[in-house]
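K.L.:
here you go, sequence then predicted model.
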Amino acid sequence: MQLTLNKAKKIIATAFKAAAEQNLKPLAIAVVDQGGHVVAFERQDGAPVGRFEVARNKAFGCIVMGEGGTALEAMDKRAPTFTASLAAAYDGKFLASVGGVLMRDKKGQIIGAVGVTGDTSEKDAEVGLIGIEAAGYLGEA
């Protein structure tokens, strides 16, 4: 199953709605396909400059390692030199952080990832999961 632009937009819109319901700080959300290419990105009014890179890199890290941001952050704590090497190898586009959510189809195949940034990492991941599930996919935070 291929990630479509309409599905990516649904993920973002649903995550923004969930963020508003929880009164979160302004967010930026990037949705990437299984190759790490940006399918959609939006930054809410008031979200700081530079959020595109953070959101994209959270999602890209999930694609590179095939794991959610929670697992990547734990890996970074165990092996910081390795994750720094990955960031260098991918020209700084790899970020091992909660808020990156790996996305799978119902068959378990990786189809993309979502990177959310702007509030706490845990809340970022939570609204990312809500968006992914609304689009009919499975998420791994």
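P.N.:
Looks like it came in fine. What you see is a predicted model; the values in this text were computed from it and never measured.

K.L.:
contacts, neighbours, all on C-alpha from now
P.N.:
Will do.

K.L.:
center of this protein, which residue is that?
P.N.:
Nearest to the geometric centre of the chain sits Gly115, at 1.9 Å (Cα atoms, centre = their mean).

K.L.:
now do the closest residue to Asp33 other than its chain neighbours, the pLDDT please.
P.N.:
In space, Asp33 comes closest to Gly112 once its chain neighbours are excluded; the distance is 4.0 Å by Cα to Cα, 6 or more residues apart in numbering. The per-residue pLDDT reported for Gly112 equals 98.

K.L.:
likewise for Gln2?
P.N.:
For Gln2, pLDDT reads 86.

K.L.:
which residues sit against the helix or strand hosting Ala18?
P.N.:
Assigned by DSSP states H and E, Ala18 belongs to helix 5-21. Contacts with helix 5-21, where a contact means Cα atoms under 8 Å, 6 or more residues apart in numbering, come from 25, 27, 29-31, 39-42, 127-132, 134-135.

K.L.:
the same query, at a cut-off of 7 Å, please.
P.N.:
Helix 5-21 is contacted by residues 29, 31, 39-40, 127-128, 130-132, 134-135 when judged by Cα atoms under 7 Å, 6 or more residues apart in numbering.
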